[in-house]
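Colleague: predicted coordinates and the sequence they were generated for:
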Amino acid sequence: MGKKLYVGNLAYSVRDNDLEQAFGEFGSIVSAKVMMERDTGRSKGFGFVEMGTDAEALAAVEGMNGASLQGRALTVNEARPMEARPPAPAVVAATAVVVAAAATVVAAAAVTAAAVAAVAVAAVVTAAAAVAAAATKPSPTHS
């Protein structure tokens, strides 16, 4: 068994130190963390406790799963690794905006390059026409 435990069904009033005290009777606590809502600061109703050894973790699961803490029967088991989450919609939208902006810049650069090339071709054609016109004019004779 791993040392990190999931603790669910927490009362919203439970804090980190409450978990430390409750699980401390089963061994040394490496960390105890109640997960909180980022925006509101309110508890999400679950947390994690990391015990010092696997044996202490097993004792804590056996002793605390179903036990009451602040009037709530706890669910305690070995924590699973955190699953990879897809990016938040705001991140996806921001990425799409950046990609669209980059595409616009590339398209504008292509149009600009085409315009510069067209001007260069026109200048070459004009110069060639001027040279051809000058070559077909009879040269003035000096007397």
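Modeller: Received the coordinates, thanks.

Colleague: tell me where the protein has helices.
Modeller: Under the criterion DSSP state H, the chain contains helices at 16-24, 54-64, 89-136.

Colleague: between the second one and helix 16-24, how many degrees?
Modeller: To tie it back to what came earlier, the one meant is helix 54-64. Helix 54-64 runs at 100 degrees relative to helix 16-24, counting by axes from the mean of the first three to the mean of the last three CA atoms, to 10 degrees.

Colleague: what's helix 54-64 packed up against?
Modeller: strand 4-8, helix 16-24, strand 43-51, strand 75-78 (3 or more CB pairs under 8 Å, 6 or more residues apart in numbering; DSSP states H and E). Just so you know, the C-beta spots here come from the backbone N, C-alpha and C atoms, and that holds for glycine as well.

Colleague: where's the spatially most central residue of the chain relative to G63, distance?
Modeller: In the chain, the C-alpha nearest the mean C-alpha coordinate belongs to P87, at 5.5 Å (CA atoms, centre = their mean). Noted for P87: a distance of 40 Å to G63, by CB to CB, to the nearest Å.

Colleague: buried ones in stretch 58-77?
Modeller: Using 16 or more other CB atoms under 10 Å as the test for burial, stretch 58-77 gives L58, A59, A60, V61, M64, L69, R72, L74, V76.

Colleague: good, we can wrap up now.
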